[in-house]
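> can you look at this prediction? I've put the sequence above it.
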Amino acid sequence: MQTKHAKNQKINAFLIGTGGQGARRGYSIKLSNGWNLAGVYDTDSNRASSMAKKWKCKSYSEVLSGIRDKDIDVVVIATPPSYHDELIEMAIDAGKHVLCEKPLTIHSESAQKLAEKSEAKGVILATGFNHRFYKPVLDAVELIKNQAFGELIQINGRIGQKPDEQDLNGWLGNNRISGGGVLTDNGSHLIDLIQLFIGQVNQPQDVQMKWDKMRSHIEIFASANLTGSNGCKAFMECSWMDSDEPYLRMELVCDRGRIRISAFPWRLELDPTDGQRTFRNYLKERILMKLYGFKSPGLEPSLMREMESIREQIVGDGIKFNNVNFATGFDGANVSKTISSILNATIGMKR
């Protein structure tokens with residue numbers, strides 16, 4: 001079991017995977033208050049050595065030696081999804097806190113067992129759902145919590161943009177490694193956001209799916225109706241078929257108006273039933289994303305907020321950021337379960 005750290009003590013992180021998202025994770029650790037990137041590992045040893053030199057940290061030749069290093073506090077996993085289960089379990093067994101990229105795992109039963117195991121061991125298992133730390137999402141959570149627009153009735157959400165063919169020709173387009181297509185990749189974020197507002201969802205209804213003609217079991221479109229534990233309804237749509245749509249759009253329908261979230265760029269539209277429509281455009285977030293982009297494409301402030309939220313839990317200060325906490329292992333397991341339910345509902349559909 002991990003002990004609490006002093007508030008001014010640096011949290012040492014070991015990063016597994018230094019590719020695209022791994023690079024963003026590495027920089028987010030470097031830029032987050034109270035964190036220290038102590039070491040990295042990658043199956044591509046040359047890339048790991050290069051990134052370690054750039055980040056001024058240690059490059060481990062074996063993943064287990066990094067996980068078991070007594071100076072490491074948190075293991076950050078940024079590998080393709082099929083490797084998550086084993087790495088998470090290794091880190092939990094070593095008594096380390098874990099932040100794992102989404103999806104937590106591509107096996108819903110395994111995800112639940114790992115969440116339970118981390119709880120029993122007294123270590124944190126966090127799922128990398130940084131979208132809940134987008135500034136308009138944080139503001140929307142606060143508005144819903146305070147019932148500024150009344151009771152939440154319905155959520156309509158869409159996520160995804162067409163990926164590059166080069167990415168699809170790699171592990172992203174290989175179902176055995178990725179676990180699926182847009183639903184598993186981008187859709188997991190949308191399901192997490194929906195559950196952030198309405199709680200764990202029930203069995204999906206009215207599922208629709210379209211598959212890539214060239215790649216087996218890689219869905220390029222998925223939609224479903226969901227109902228949350230609080231009774232609210234949600235419609236979700238994930239698509240890799242469009243490249244000119246905003247990456248993320250959410251509409252929160254309340255009994256006294258609507259709140260609309262979009263990214264990118266970040267934007268919040270407030271449309272009260274009995275008032276004037278207003279907008280928040282988050283200029284500071286846009287500027288920061290541009291600046292961070294020089295370090296690594298896609299690096300943006302929500303990743304640092306997520307790291308700081310995890311640190312708050314480790315040092316014992318509790319929740320920050322408008323009462324939005326990092327996604328736990330149980331949150332990740334619930335998302336994996338919903339994805340499995342949607343995919344199982346498509347059995348027998350033409351692929």
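Here it is on my side, so go on.
> the nearest residue to G187 once chain neighbours are set aside: which element?
Leaving aside its sequence neighbours, G187 sits nearest to C238 (C-beta to C-beta, 6 or more residues apart in numbering; 3.8 Å). Where C-beta positions appear, they are placed from N, C-alpha and C, glycine not excepted. Following DSSP states H and E, one finds C238 within strand 233-239.
> tell me the contacts of Y247?
For Y247, the contact set (C-beta atoms under 8 Å, 6 or more residues apart in numbering) comprises 159-161, 186, 263-264.
> next: G150.
Each residue near G150 by C-beta under 8 Å, 6+ apart is listed here: 254-257.
> by neighbours, which of those wins?
C254 (20 neighbours; other C-beta atoms under 10 Å).
> near the residue nearest to G187, how many other residues are there?
Residues lying near C238 (other C-beta under 10 Å) number 28.
> tell me who's in contact with it.
Shown in contact with C238 (C-beta under 8 Å, 6+ apart): 158-160, 182-183, 186-187, 190, 221-223.
> show me the domain layout of the protein.
Following automatic domain parsing, one finds the domains of the chain at 11-130, 131-295+328-344.
> Q313: which of the ones you listed is closest?
Each of the domains of the chain has some distance to Q313 by C-beta to C-beta; the shortest is domain 11-130, at 6.0 Å.
> ends of that closest one, how far apart?
19 Å (C-alpha to C-alpha, to the nearest Å).
> I'd like the average pLDDT over it.
Domain 11-130 shows a mean pLDDT of 97.
> who wins for neighbours among the contacts of C238?
Greatest neighbour count in the contacts of C238, by other C-beta under 10 Å, goes to L183: 32 neighbours.
> contacts only, for that residue.
If a contact means C-beta under 8 Å, 6+ apart, then L183 has 209, 219, 222, 238, 339, 342-343 as its contacts.
> please redo it, this time with the cut-off set to 6 Å
L183 makes contacts with 219, 222, 238, 339, as judged by C-beta atoms under 6 Å, 6 or more residues apart in numbering.
> just the residues you listed now: which is nearest V98?
Using C-beta to C-beta, these come closest to V98 at I339, 20.1 Å.
> ramachandran angles for the closest one?
The phi/psi pair for I339 (degrees, to the nearest 10) reads phi -60, psi -50.
> so who does it touch?
Contacts for I339 (C-beta under 6 Å, 6+ apart) come out as 183-184.
> show me where the stretch 251-351 of the chain has helices.
283-293, 301-315, 329-344 (DSSP state H, counting those that start in this stretch).
> can you list contacts of the first one?
By that I understand helix 283-293. Contacts of helix 283-293 with the rest of the structure, by C-beta under 6 Å, 6+ apart, involve 135, 265-266, 299-301.
> quick one on the thing from earlier: give the pairing partners of the strand holding C238; include direction for each.
If you go by DSSP bridges, strand 233-239 pairs up with strand 152-159 (parallel), strand 219-227 (antiparallel).
> could you check the angle helix 329-344 makes with the last one?
It stands for strand 219-227. Orientation check (axes from the mean of the first three to the mean of the last three C-alpha atoms, to 10 degrees): strand 219-227 against helix 329-344 gives 110 degrees.
> spatially central, which residue of the chain would that be?
Centroid check for the chain by C-alpha atoms, centre = their mean gives F129 as the closest residue, at 1.9 Å.
> next up, the contacts around it.
Counting by C-beta under 6 Å, 6+ apart, F129 has contacts 102, 192, 327.
> ok so, going back, in the contacts of G150, find the pair that's most separated.
Taking C-beta to C-beta, the two most distant members of the contacts of G150 are D255 and G257; they sit 8.2 Å apart.
> quick revisit: tell me the one of the contacts of Y247 nearest K53?
F264 (31.2 Å).
> not counting its neighbours along the chain, what's nearest the closest one?
Per C-beta to C-beta, 6+ apart, closest to F264 is Y247, 5.6 Å.
> what's the distance between the one you found and N323?
Y247 is 25 Å from N323, where distance means C-beta to C-beta, to the nearest Å.
> M307 now?
Look at M307 and N323: by C-beta to C-beta, they are 18 Å apart.
> so the two - more neighbours on which side?
M307 (28 against 11).
> wait, what's in contact with the more buried one?
28, 32, 35.
> now neighbour count and secondary structure too, for those residues, in JSON lines please.
Listed next are the contacts of M307 as JSON lines, based on neighbours: other C-beta atoms under 10 Å; DSSP: H, G, I helix; E, B strand; the rest coil:
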{"residue": "S28", "neighbour count": "28", "secondary structure": "helix"}
{"residue": "S32", "neighbour count": "21", "secondary structure": "coil"}
{"residue": "W35", "neighbour count": "22", "secondary structure": "strand"}
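> could you export the residues you listed as CSV, including distance to L172?
Formatted as CSV, those follow (distance: C-beta to C-beta, whole Å):
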residue, distance to L172
S28, 21
S32, 27
W35, 28
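> would you convert the strands paired with strand 233-239 into a markdown table that also reports distance to G332 and mean pLDDT?
Output for the strands paired with strand 233-239, formatted as a markdown table (distance: least, C-beta to C-beta, whole Å; pLDDT from 0 to 100):
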| stretch | distance to G332 | mean pLDDT |
| --- | --- | --- |
| strand 152-159 | 17 | 97 |
| strand 219-227 | 17 | 97 |
